[in-house]
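**Student:** take this sequence and fold it.
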Amino acid sequence: MNVSLKTLAAALLLGGSAMAMAANDGQTRVNELLNSDPQYRETWQGVVKKEERLPEWVMNLSGDAEQMNAVEEDGDKYLVGPLCESQATCLNKRLIVAVSFDKDDAYGMLVEVPAGLPADKSPTRHATYRFLGKPDEGMQNLLMEQLKKDPKWY
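**Tutor:** Numbering: from 1, shown residues only. Model (predicted):
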């Protein structure tokens, strides 16, 4: 019986570590990106250093984020996800970020909606969009599609 307990314990440990690895696989959030890999940090800094008047939370990718998704654009794979300055201001200030799997390219779309917009007004019609990293049309569409996945965005 002692042997089977050890076997069971080993299987549980192995299973647990495999589950932990699976939980980390593809579960990256935008606000964890720069600390997860120095190459992502370098790539993102290359994007924002040429930009003027960006908020601190955009420069540092800090704030409130949901998990990123793997998406393909023009044969290349990207991690794409949203970042908000805070959960409370998400409708008014958000950034959609896309970073290539090879960590060489990063793009962003800063979306701002005037504060105090009445609930019956469509945020889409009142938003301003600012692209970061010089995305081509395909990448711009990918970033817009990510934004449209938000049920509060209409």
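
**Student:** contacts only, for residue 57.
**Tutor:** 63, 83, 85, 95 (Cβ atoms under 8 Å, 6 or more residues apart in numbering). Glycine gets a C-beta too; all of them are placed from N, C-alpha and C.

**Student:** name the residues of the helix or strand harbouring it that are buried.
**Tutor:** For residue 57, the host element (DSSP states H and E) is helix 56-59. By 16 or more other Cβ atoms under 10 Å, the buried positions in helix 56-59 come out as 57-58.

**Student:** now this structure, which segments are flagged as low pLDDT?
**Tutor:** 1-26 (pLDDT under 70).

**Student:** helices of that one, residue ranges please.
**Tutor:** With helices called from DSSP state H, the chain shows them at 2-24, 30-36, 38-48, 56-59, 123-126, 137-148.

**Student:** leaving out the residues flanking it, which one is nearest to residue 104?
**Tutor:** residue 43 (6.5 Å; Cβ to Cβ, 6 or more residues apart in numbering).

**Student:** burial count for the nearest residue to residue 90 once chain neighbours are set aside?
**Tutor:** Of all residues not flanking residue 90 in the chain, residue 84 sits nearest, at 3.7 Å (Cβ to Cβ, 6+ apart). The tally of other residues near residue 84 (other Cβ atoms under 10 Å) stands at 21.

**Student:** stretch 138-154: how far from the chain's middle?
**Tutor:** Put simply, stretch 138-154 sits 12 Å off its chain's centre (Cα atoms, centre = their mean, to the nearest Å).

**Student:** er, stretch 84-95 actually
**Tutor:** 13 Å.

**Student:** state the distance from the most centrally placed residue in the chain to residue 116.
**Tutor:** The centroid of the chain falls nearest to residue 81 when counting by Cα atoms, centre = their mean (2.6 Å). As judged by Cβ to Cβ, to the nearest Å, residue 81 and residue 116 stand 27 Å apart.

**Student:** and residue 57, by the same measure?
**Tutor:** 20 Å.

**Student:** go on, residue 60?
**Tutor:** 27 Å.

**Student:** who has more neighbours, those two?
**Tutor:** Using other Cβ under 10 Å, the more surrounded residue of residue 60 and residue 116 is residue 60, with 15 against 6.

**Student:** pretty sure the more buried one is touching residue 34, no?
**Tutor:** Yes. With contact defined as Cβ atoms under 8 Å, residue 60 counts as touching residue 34 (7.0 Å).

**Student:** tell me how many other residues crowd residue 75.
**Tutor:** Residues near residue 75, counting by other Cβ under 10 Å: 5.
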